[in-house]
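Visitor: build me a structure from this.
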Amino acid sequence: MAGSLAATAARGSVVMLTGQGMRILLQFLSVVTLARLLSPHDYGLIAIVAVLIGVGEIFRDFGLSSAAVRAPELSRAQSGNLFWINSAIGLLLAALLFGLAGPLAAFLDQEEVYGIARAMSVVFLLNGATTQYRALIVRGLRFRWLAGVDVLAAAFALAVALLSALLGWEYWALVAQQITQAFVVLIGVFLGVRHLPGLPRRGVPMASFLRFGGNLVLSQLVTYATSNVDTAVVGVVHGASPLGLYNRAYQLVVTPLSQIQSPITQVAVPILAKIQEDRPRFSAYIVRGQFALGYPISLGLATVAVAAEPFTVLLLGEQWTAAVPLLQLFALAGIARNLAYVGYWVYVVRGLSASLFRYSMVTGAIKVLCVVIGAQWGVVGVAIGFAIAPWIAWPISLAWLSRVTDVPTRSLYAGALRIIGVSGLSAGMAAVVVAALPPLPALAEIAIVCGVVLAMLGALLTVPAFRRDARVLKETVGLLRHRSAN
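Guide: Down below sits the predicted model:
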């Protein structure tokens, strides 16, 4: 059992990370190409509606996908009822957004928002029908199929967006991208399950799913609302064009981070759910997960922070250089957010959605306070508040979790501090080297920053603690290669 779970976890991680790597590549390709065909104003208009879509998506899921994945037993009748619940919520949200399109456009004084909101209400319908099909695929540990569907959907959506932009559709190209992606995902997950849900049935035990989902959706709603308070402040106070600038920097840093965390979570949650009663093994998996996420992502974000200007010029063009400080601040925020992420797995696996909701309320208040204070200094001030908040919340996260369940708190704190130390020292040395050099082409400067970071990593391997961490990472990578080869 232990070996098969390790093999499944390893294979699933390889498949999902490979698929997600392809999606991130498509995301970057989308940013690079569409940013040259569309204006910041176009992106700002979509970002306004996307905030509402994001809030609605939390209600549309209602935590029921996670409830289905973690459930020890899931009957066909229960799965069918969950499908109809999610579909009904999707229909309700689509009708609500369709009806609110006019008032929203009038409130924002952006008449284009009227058509955008009505068109994008279709996304709720498509995603509502997708939810439980996707959960069944994850529950069955069929990560290869899911990764293929996600990549194919992203590729189709990008192709539609590019064609539409070239035809002069402006912001409608981005609307077409969103709808296409949701439609292709629905078709893909349906083909992966290949059965229609039965009619809703009474007398089927559903209370545990709804109770878990209700608490989880509350915590997700708080997290989403507070995570997007910065976008709302920029959009309302500064308008669509500054919001488009802010959104592009966000898409380059924070969105890829979420895209890496999401597939790993889809692998981690069902695997951890099967071993949660084996406390030593569970703790070992959590610590290993922190290393696997923490070191590569933190080092990558530190590199982006140092080389923000050449990255911006290379990926977006000279007209987007005002986004450089935003890119740097988002990278710093991403390091702290990533270090706290393994705690989310524990909350979900152990069914602690009520505790997660209370924790989200506290950290959400911190985020809102930081952003509101930062807003006094404009768009960059908002980004500063966004960056400071997770560094305040991160040390709270593990302490809060340790109050409600057993977690290897000391190991997680110590590991995180080493990750921060390695990333900070590497980025600091790279910044010193870049500052001493004359202006260089973007690619050359990025190459130098990466080279200095790698050289610093080599030097830090002389420290025993870092050498032990490197050994754990090497073992993890070796396991992934071995299992993927098999």
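
Visitor: from A68, how far off is L210?
Guide: 12 Å (Cβ to Cβ, to the nearest Å). C-beta: built from backbone N, CA, C; applies to glycine.

Visitor: looking at those two, which has the bigger crowd around it?
Guide: Between L210 and A68, A68 has the larger neighbour count (other Cβ atoms under 10 Å), namely 24 against 16.

Visitor: if I look at W377, how far off is V371?
Guide: Note on W377: its distance to V371, by Cβ to Cβ, is 11 Å.

Visitor: okay, these two: which has more neighbours?
Guide: Between W377 and V371, counted using other Cβ under 10 Å, V371 has the larger neighbour count: 26 against 12.

Visitor: correct me if wrong: that one contacts F386.
Guide: Yes - between V371 and F386 a contact is recorded at 6.0 Å, counting by Cβ atoms under 8 Å.

Visitor: list the residues that contact both of these two?
Guide: D230 (Cβ atoms under 8 Å, 6 or more residues apart in numbering).

Visitor: and the closest residue in space to L97 that isn't next to it in sequence, what is it in contact with?
Guide: Setting aside the residues directly before and after it, L97 is nearest to S121 in space (Cβ to Cβ, 6 or more residues apart in numbering), at 4.2 Å. With contacts defined as Cβ under 8 Å, 6+ apart, the neighbours of S121 are 93-95, 97-98, 101.

Visitor: C-terminal to the helix or strand harbouring E57, what's the next element?
Guide: Assigned by DSSP states H and E, E57 falls within helix 40-61. Note on helix 40-61: by DSSP H and E, the next helix or strand toward the C-terminus is helix 64-70.

Visitor: what ranges do the helices span in the stretch 1-150 of the chain?
Guide: 2-37, 40-61, 64-70, 76-108, 112-120, 122-139, 143-166 (DSSP state H, counting those that start in this stretch).

Visitor: save these as TSV, and put in mean pLDDT and distance to L301 too.
Guide: Listed next are these as TSV, based on pLDDT from 0 to 100; distance: least, Cβ to Cβ, whole Å:
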stretch	mean pLDDT	distance to L301
helix 2-37	63	14
helix 40-61	77	22
helix 64-70	76	26
helix 76-108	86	32
helix 112-120	88	30
helix 122-139	86	27
helix 143-166	87	22
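
Visitor: would a markdown table of the ones you listed with distance to R288 be doable?
Guide: Shown next, in a markdown table, are the helices of the stretch 1-150 of the chain (distance: least, Cβ to Cβ, whole Å):
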| stretch | distance to R288 |
| --- | --- |
| helix 2-37 | 10 |
| helix 40-61 | 28 |
| helix 64-70 | 20 |
| helix 76-108 | 32 |
| helix 112-120 | 40 |
| helix 122-139 | 21 |
| helix 143-166 | 18 |
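
Visitor: which among these is found nearest to L398?
Guide: In terms of Cβ to Cβ, the element of the helices of the stretch 1-150 of the chain nearest to L398 is helix 64-70, at 21.1 Å.

Visitor: name the helices or strands packed onto that closest one?
Guide: helix 76-108, helix 122-139, helix 207-227, helix 240-275, helix 342-349 (3 or more Cβ pairs under 8 Å, 6 or more residues apart in numbering; DSSP states H and E).

Visitor: who's in contact with it?
Guide: 74, 79, 82, 85-86, 131-132, 134-136, 138-139, 208-210, 212-213, 216, 269-270, 273, 348-349, 351.

Visitor: what subset of the residues you listed is buried?
Guide: Buried members of those, scored by 16 or more other Cβ atoms under 10 Å, are 74, 79, 82, 85-86, 131-132, 134-136, 138-139, 209-210, 212-213, 216, 269-270, 273, 348-349, 351.
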